[in-house]
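K.L.:
Have a look at this prediction, sequence included:
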Amino acid sequence: MAKQPNGNPTPAPAVKSTSTATPSDQIRDAARLHEEALAANPDAPVRGIEPEPGLDLASALRQATQAKQLWTEGKTTLDRRAAELDKRDAELREKKDRQQLRTSELDKREQNLREEERRLKETDAAFRVQKEEQEKALRLLKDEWLKKKTAEEAELTKREEEVSAKAMDAEAGFLRRRRELLADLEVERERAVDEVANREKSRLASLAAFEQKVADLRQESFAQLESDRAKLHSLQEEARRAKQEAEWECEVARDEKAHYSRRLAEATQQARREFEERINATQDRLNDMARKLGEKEAAERACGGRSVPELLADIDRLRQERSRLENDLSLRASDEQTQRLATLESDNETLRTELAEARRREQSLEMRISQHRIGVAQVQILKDEEAAWKVREAAYQANIAQLKADLERFTDQASNKPPFAELTALDEKLKHAPEEILSDAYPDLQSVIHRAQHAMAQGAENRPPLYYSERALRCFLGGLASNRLHLLQGISGTGKSSLPREFARAFGWESAFVEVQSSWRDKTDLLGYYNAFEKRFYESACLQALYSAQCPAHASRPFFIVLDEMNLSQTEHYFADFLSALEQTSPELRRIGLVGHQLSPSPRLLVEGKAIRIPDNVWFIGTANHDE
């Protein structure tokens, strides 16, 4: 501050800064004021113009380098977080797929458990019915055996009376005739007695074997039933635990999803607020830096375009001059000037400190702006993923609707067909009876044997000739007369399978060939099964043969059903219902259930639309290889 001639200090002119003043005008005003102050007080120390710290080219280059480094780090962080989000999304999708697979497996196992439980109940009920039928069959067999024994004893008594009568006639004068009749009667009596004794032994052996078979079957069924019940209980417990674990996992996944969504919303809001604050602060800082840059340019122009070394030399010279003047001034300066100088230096240090703090805040704000830019990009990515998931869910819903429509269409198509398509076709195909075979064409069994032997030895166009001994054919024909179930065993190539087929073909009868599989376990493998979903019964070759034997085209002739390789599977499993039915004496009781309820429309010859009869003209002939 300069002094007036009267000794009073001259006040420094005030410089008003307006928003419309440019940096060049401000510098010119500052230079003018400086010249006026020097003119008013030539003894005052001259201060050099010092450049503002942080506004030189090196500082700008450092800031640009730092900005580039921050941008690189922000991009790296963004890529890393994007990779982490992709990885987490993949893990979530994989976990969701595992949960869906686990849920489908649990549903499937639960359905299997229900099916197994239903089958156990049906097996239990069938076992009870079978047990009652077996007990009833035993009683009927015993009654029949007693009746036949009484009838045979009456027949023997009658024959003895006839023999006695014929003997009395012979004594009346027919001596030669008497001897012949006595011999014939004696032979016939011995044969009848042997036949009755053999039949009695056979019946007793069959009865004992049947009782033993029933006991073994009952014990095996009880053991299997207990084992299936224990297995069912363990499977139900395992399914319950698995279902509970799946529910826990679903609950944890839902909690994690809700927590993640809540954190994402909070982070998005916080990032938006901080981003807006940083934008405002950065805008202010940019305005301040533009002002300072303009002042610097004005100062450079005010320096007359001199180079930096010249300015530095002038600055050094001015500093030296200032030091000298300050020393001189210190000797004569007043207290007021000294105080004002200290105040200015203190203000200068405060401004430098504030500038450094402003730069530090600027760097911090730039870092936060880059971070929030990363957060905004992540939010946008998550929104895009959410939209993609919604589109995918809509596609899945459309696929599910299409599958349901296809399912309903297939179900409607299946419901338009009869449940027994093949048997219904046989009703129309085999409804006409053939021409009857003349009863006097074969007067005795010897003619039957010769006819069969001759026909099989001739062969045919596609069949080679077969030669069977008369004894083998007699045994086979005698077996047909005694029972409806036979088993032919021996090594391969001996003609076991060809014998019943060619024997039936020799007389114009019918036969069916059924190949037994090693995997057969119950009657459905032999007869077929009902598909409730398609409302259709899959008829096997054996079921079609049984039905064909009852049709008018075949009902008057014998019908052979050949069970090839019958020993590949346990006969008691898949043929148990046939064994029980063949033991029945009444033809009405020789039936086998196919389904649990009546199916409509059903073939004409099925019993109540749900069972098949075993007609009297059917013989079951099984083969068994003993190659070892």
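P.N.:
Good, I have the coordinates. These numbers come from a predicted model, not from an experiment. Numbers count the residues shown, from 1 in each chain.

K.L.:
Give me the buried stretch members for stretch 570-585, please.
P.N.:
571, 574-578, 580-581, 583-584 (16 or more other CB atoms under 10 Å). (Glycine included, C-beta is placed from N, CA and C.)

K.L.:
Show the end-to-end separation of that stretch, please.
P.N.:
Chord length of stretch 570-585, first to last residue, is 25 Å (CA to CA, to the nearest Å).

K.L.:
mean confidence score for it?
P.N.:
Averaged across stretch 570-585, pLDDT comes to 90.

K.L.:
Need the contact partners of it.
P.N.:
Here stretch 570-585 makes contact (CB atoms under 8 Å, 6 or more residues apart in numbering) with 130, 133-134, 137, 140-141, 144, 210, 213, 217, 220, 484-485, 516, 520-523, 525-526, 563, 589-593, 614, 620, 622.

K.L.:
Among the residues you listed, name the buried ones.
P.N.:
With neighbours counted by 16+ other CB under 10 Å, these contain buried members at 130, 134, 137, 141, 210, 217, 484, 516, 520, 522-523, 525-526, 563, 589-592, 614, 620, 622.

K.L.:
if we can go back for a sec, looking at the buried residues of stretch 570-585, which are in strands?
P.N.:
The members of those all map outside strands under DSSP state E.

K.L.:
Between those residues, which sits nearest A377?
P.N.:
Comparing these against A377 with CB to CB places Y574 closest, at 69.1 Å.

K.L.:
any idea how far the closest residue to the closest one other than its chain neighbours lies from I592?
P.N.:
Among residues not flanking Y574 along the chain, W520 sits closest, at 4.2 Å (CB to CB, 6 or more residues apart in numbering). In this view, W520 and I592 are 15 Å apart by CB to CB, to the nearest Å.

K.L.:
What ranges does this protein have for its strands?
P.N.:
Counting by DSSP E, the chain has strands at residues 485-490, 510-515, 528-531, 536-539, 559-564, 591-593, 611-613, 618-625.

K.L.:
now the ones you listed as CSV including distance to A460 and mean pLDDT?
P.N.:
Putting these into CSV (distance: least, CB to CB, whole Å; pLDDT from 0 to 100) gives the following:
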stretch, distance to A460, mean pLDDT
strand 485-490, 22, 90
strand 510-515, 15, 93
strand 528-531, 31, 90
strand 536-539, 29, 90
strand 559-564, 18, 95
strand 591-593, 34, 91
strand 611-613, 32, 92
strand 618-625, 21, 93
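
K.L.:
mind giving me JSON lines with the ones you listed and columns for distance to P552?
P.N.:
Formatted as JSON lines, the strands of the chain follow (distance: least, CB to CB, whole Å):
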{"stretch": "strand 485-490", "distance to P552": "25"}
{"stretch": "strand 510-515", "distance to P552": "13"}
{"stretch": "strand 528-531", "distance to P552": "23"}
{"stretch": "strand 536-539", "distance to P552": "19"}
{"stretch": "strand 559-564", "distance to P552": "13"}
{"stretch": "strand 591-593", "distance to P552": "19"}
{"stretch": "strand 611-613", "distance to P552": "15"}
{"stretch": "strand 618-625", "distance to P552": "15"}
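
K.L.:
Which among those strands is found nearest to I279?
P.N.:
Comparing the strands of the chain against I279 with CB to CB, the closest turns out to be strand 528-531 (70.0 Å).

K.L.:
Only the buried residues of that closest one, if you could.
P.N.:
Neighbour counts over strand 528-531 (16+ other CB under 10 Å) mark 528-530 as buried.

K.L.:
So which elements touch it?
P.N.:
strand 536-539 (3 or more CB pairs under 8 Å, 6 or more residues apart in numbering; DSSP states H and E).

K.L.:
The strand it packs on: which residues count as buried?
P.N.:
Result for strand 536-539 [16+ other CB under 10 Å]: buried residues 536-537, 539.

K.L.:
Which strands border it, and is each parallel or antiparallel?
P.N.:
strand 528-531 (antiparallel) (DSSP bridges).

K.L.:
okay, the strand it pairs with in PDB with CA atoms only?
P.N.:
Taking Å, rounded to 0.1, in the frame of the first residue of the first chain, the C-alpha atoms of strand 528-531 are listed here in PDB:
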ATOM      1  CA  GLY A 528     -49.900-108.500 -23.400                       C
ATOM      2  CA  TYR A 529     -50.700-105.500 -21.300                       C
ATOM      3  CA  TYR A 530     -53.200-102.500 -21.200                       C
ATOM      4  CA  ASN A 531     -51.900 -99.000 -21.700                       C
END
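
K.L.:
could you pull out the helices for the stretch 151-300 of the chain?
P.N.:
Using DSSP state H, counting those that start in this stretch, the helices of the stretch 151-300 of the chain run over residues 175-302.

K.L.:
about what we covered before: as JSON lines, the buried residues of stretch 570-585 with distance to A313 would be great.
P.N.:
As requested, the buried residues of stretch 570-585 are arranged in JSON lines below (distance: CB to CB, whole Å):
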{"residue": "T571", "distance to A313": "123"}
{"residue": "Y574", "distance to A313": "118"}
{"residue": "F575", "distance to A313": "123"}
{"residue": "A576", "distance to A313": "123"}
{"residue": "D577", "distance to A313": "123"}
{"residue": "F578", "distance to A313": "126"}
{"residue": "S580", "distance to A313": "128"}
{"residue": "A581", "distance to A313": "129"}
{"residue": "E583", "distance to A313": "134"}
{"residue": "Q584", "distance to A313": "134"}
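
K.L.:
Which of those residues sits closest to I381?
P.N.:
Nearest to I381 among those, with distances taken as CB to CB, is Y574, at 62.8 Å.

K.L.:
What residues does H486 make contact with?
P.N.:
Contacts for H486 (CB under 8 Å, 6+ apart) come out as 476, 479-480, 619-622.

K.L.:
how close does it sit to N625?
P.N.:
Distance, H486 to N625, using CB to CB: 16 Å.

K.L.:
can you check K148 too?
P.N.:
Taking CB to CB, one finds K148 at 37 Å from N625.

K.L.:
Neighbour count: these two, which is higher?
P.N.:
N625 (17 against 14; other CB atoms under 10 Å).

K.L.:
Verify the stated contact: the more buried one with L488.
P.N.:
No: using CB atoms under 8 Å, N625 is not in contact with L488, being 10.1 Å away.

K.L.:
With distance to Q453 added, can I get the buried residues of strand 536-539 in JSON lines?
P.N.:
As requested, the buried residues of strand 536-539 are exported to JSON lines (distance: CB to CB, whole Å):
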{"residue": "R536", "distance to Q453": "45"}
{"residue": "F537", "distance to Q453": "41"}
{"residue": "E539", "distance to Q453": "36"}
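
K.L.:
What ranges does the stretch 451-600 of the chain have for its helices?
P.N.:
For the stretch 451-600 of the chain, the helices defined by DSSP H, counting those that start in this stretch cover 470-482, 498-506, 523-527, 541-550, 571-574, 576-582.

K.L.:
Tell me which other helices or strands the second one touches.
P.N.:
Secondary structure elements in contact with helix 498-506, counted by 3+ CB pairs under 8 Å, 6+ apart, are helix 445-458, helix 470-482, strand 510-515, strand 559-564.

K.L.:
go again using 6 Å as the cut-off
P.N.:
Packing contacts for helix 498-506, counted by 3 or more CB pairs under 6 Å, 6 or more residues apart in numbering; DSSP states H and E, involve helix 445-458, strand 559-564.

K.L.:
Could you measure from K108 over to A239?
P.N.:
The value you get for K108 to A239, if CB to CB is used, is 10 Å.

K.L.:
Figure out which of the helices of the stretch 451-600 of the chain is closest to E408.
P.N.:
E408 lies closest, by CB to CB, to one member of these: helix 523-527, at 27.7 Å.
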